[in-house]
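Chemist: 3D, please:
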Amino acid sequence: MTNCPVCGKAVDPLRAPAVGVLDGKVVSFCSREHALEISEFFLKDSKPLAAGVVALAAGVASRMASGVVALAADPDARVRFQAALTLGEMTPGEFQDARALATLAGLAHRDSADPWFRIAMLSSVADRAAPFFQMLVAKGELWTDPQLAVEASAMIGGRQNPAELAAWFAALPKLAEPEKYLAGLTRGLRLVGARNLKVPGAEQSFARLLASGSEAAQRNAWEASRYFELTALIQRARQDAAAADLPTASRVRAVRALRGGHFDAVAPVLESILQSHPPAEVEGAAVDALAAFDEPAAGRIILDQWRGYGPAGRKRAVSALLAQRNRIPLLLNAVEEGRVERSALDAAARSHLYDDADPAVAGKARALLESTNSDRAKVVAGYRDVAGMPGDVARGKKLFEENCARCHEPRRQGGRIGPDLSGINNKTKEELITSILNPSYAIEPRFVNYIVTAKDGRMYDGIIANETTWAITLRGGSEEDDTVLRKNIAAIRASSVSLMPDELEKSLGKQGLADVIAYLRGGL
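Modeler: Numbers count the residues shown, from 1 in each chain. I've put the predicted structure just below:
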């Protein structure tokens, strides 16, 4: 008996699923999966191993490359999964062989519906995402789960290679639902902060998509267009954004597309839109578009229109001013001068400022705002009598949906940003009063709000929804998560203030609070 060099399990050499030669010695593996796994440590440095012996279940010796290809068709899913990973560890010369990509495409045909298989395959594809995408397209959309090509598109977008992007756009007409792949490309472009990419054929592709009858294709085309240098399209976006007679949704898409233009060209259009008191959706899109630019003038334009904003527009404006370090002094000065009301900065905004890495900014913010931050403990004490009030479950359900469900129930494009409230009926009325009226009193570790400052000065906040070696994903109040590459992070810090807003008593009142508590204690 010998021992498997991966897991140490005893193996009978005569019945071993796989054997190989390492350092001149014959070794036995307890599984074909383990034979592949250990080979990764030597593939790039050991020519004897690359040309060495890996016996398959039948005991037939073959070259390593052939062994991986053979094992990629193995009936055991674990072996195929390991084969998908091992292909990425082969030397560049071998990997660039079309046969390696063809092997991955074969795996994709069988296993791409599994998200873990997709991760394994794409990790091996690495910087060969463009030819891999082209290979999948050539085989037809039904060859694999479409999500694999969508995720490969995101990798292509992240590389920002004009030649690869040109080939990607050229392949788009062959796809029945181009909007899916366009959304993937956009995700990659957004992640790396792409701007004004010059790609042959891109403008023509966007023109075709915008002329199509598909609303989804048009929407995704406008969203993706902001990352490219598209002179004619930006001109059209300027016209559509300013056209008051167009449907609101069409104007919003056009306003968003202006983020891809040059600031000097689009800023006057955005300023004019804000001055015209447009619908709330258009107003919000215009504020967001201005916020996407780094120019100091963008912050000044946002502030100049403060008096004309509706409630939602004011909230977007504060978020925009807090999203870039060079705008924070503008906001604080406006508060100090009375141009922006102190009450416009909610608990999350104050948290941004109080925890600022610059002591001067944090000190000024506290001096200006802490006097307006009511003592929550006193508020809780004033509402203790609610515990003795009867509540109406039906009214409580309606109030919960209006004020709380957005954070405490799963969102359309992501998970919760507040705790799951199932089981909360076990809490006493007094505990619920404290949790609702003083949310920062006790914050669950999973729902701590983090503030991330990027090296370019942009700021993001939210709970940490996902972490990898390469990036952090924050989930905040908007529908879309923010993913920031670790290499672009200058600082990250936890906030002591809950994302849940203070002063809910103003919108609920005592009876409303009693109704919500009755609903929560009745079991969601």
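Chemist: what's the spacing between residue 209 and residue 241?
Modeler: Computed as Cβ to Cβ, to the nearest Å, the residue 209 to residue 241 distance reads 18 Å. Just so you know, the C-beta spots here come from the backbone N, C-alpha and C atoms, and that holds for glycine as well.
Chemist: neighbour-wise, which of the two wins?
Modeler: Neighbours per residue (other Cβ atoms under 10 Å) separate residue 209 from residue 241, with residue 241 holding more: 27 against 24.
Chemist: isn't the more buried one right up against residue 259?
Modeler: No. At 11.0 Å, residue 241 does not count as touching residue 259 under the criterion of Cβ atoms under 8 Å.
Chemist: what comes up buried for stretch 206-221?
Modeler: 206, 209, 210, 217, 218, 219, 220, 221 (16 or more other Cβ atoms under 10 Å).
Chemist: my bad, stretch 378-392
Modeler: By 16+ other Cβ under 10 Å, the buried positions in stretch 378-392 come out as 379, 380, 383, 386, 391, 392.
Chemist: and the closest residue to residue 147 other than its chain neighbours, how many neighbours?
Modeler: Nearest non-adjacent residue to residue 147, counting by Cβ to Cβ, 6 or more residues apart in numbering: residue 118, 6.6 Å away. Close neighbours of residue 118, defined as other Cβ under 10 Å, add up to 21.
Chemist: Verify the assumption that residue 118 is located in a strand.
Modeler: No. Under DSSP: H, G, I helix; E, B strand; the rest coil, residue 118 sits outside any strand and is assigned helix.
Chemist: Using PDB, list the CA coordinates for stretch 364-372.
Modeler: Written as PDB, here are the backbone C-alpha positions of stretch 364-372 (Å, rounded to 0.1, in the frame of the first residue of the first chain):
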ATOM      1  CA  LYS A 364     -16.100  71.000  11.000                       C
ATOM      2  CA  ALA A 365     -18.900  68.600  10.300                       C
ATOM      3  CA  ARG A 366     -19.500  67.800  14.000                       C
ATOM      4  CA  ALA A 367     -19.500  71.500  14.800                       C
ATOM      5  CA  LEU A 368     -22.100  72.200  12.200                       C
ATOM      6  CA  LEU A 369     -24.300  69.200  12.500                       C
ATOM      7  CA  GLU A 370     -24.100  67.500  16.000                       C
ATOM      8  CA  SER A 371     -26.500  70.100  17.500                       C
ATOM      9  CA  THR A 372     -29.200  69.000  15.100                       C
END
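Chemist: So what touches that stretch?
Modeler: 332, 335, 336, 342, 343, 345, 350, 353, 354, 356 (Cβ atoms under 8 Å, 6 or more residues apart in numbering).
Chemist: average model confidence for that stretch?
Modeler: Here stretch 364-372 scores 77 as its mean pLDDT.
Chemist: Show me what counts as buried in it.
Modeler: Using 16+ other Cβ under 10 Å as the burial criterion, the residues of stretch 364-372 that qualify are 364, 365, 368, 369.
Chemist: For residue 108, state which of these is nearest.
Modeler: residue 365 (52.1 Å; Cβ to Cβ).
Chemist: Quick check on that closest one: phi, psi?
Modeler: Note on residue 365: its backbone torsions stand at phi -60, psi -40 [degrees, to the nearest 10].
Chemist: With residue 357 instead?
Modeler: Per-residue torsions, residue 357: phi -70, psi -20 (degrees, to the nearest 10).
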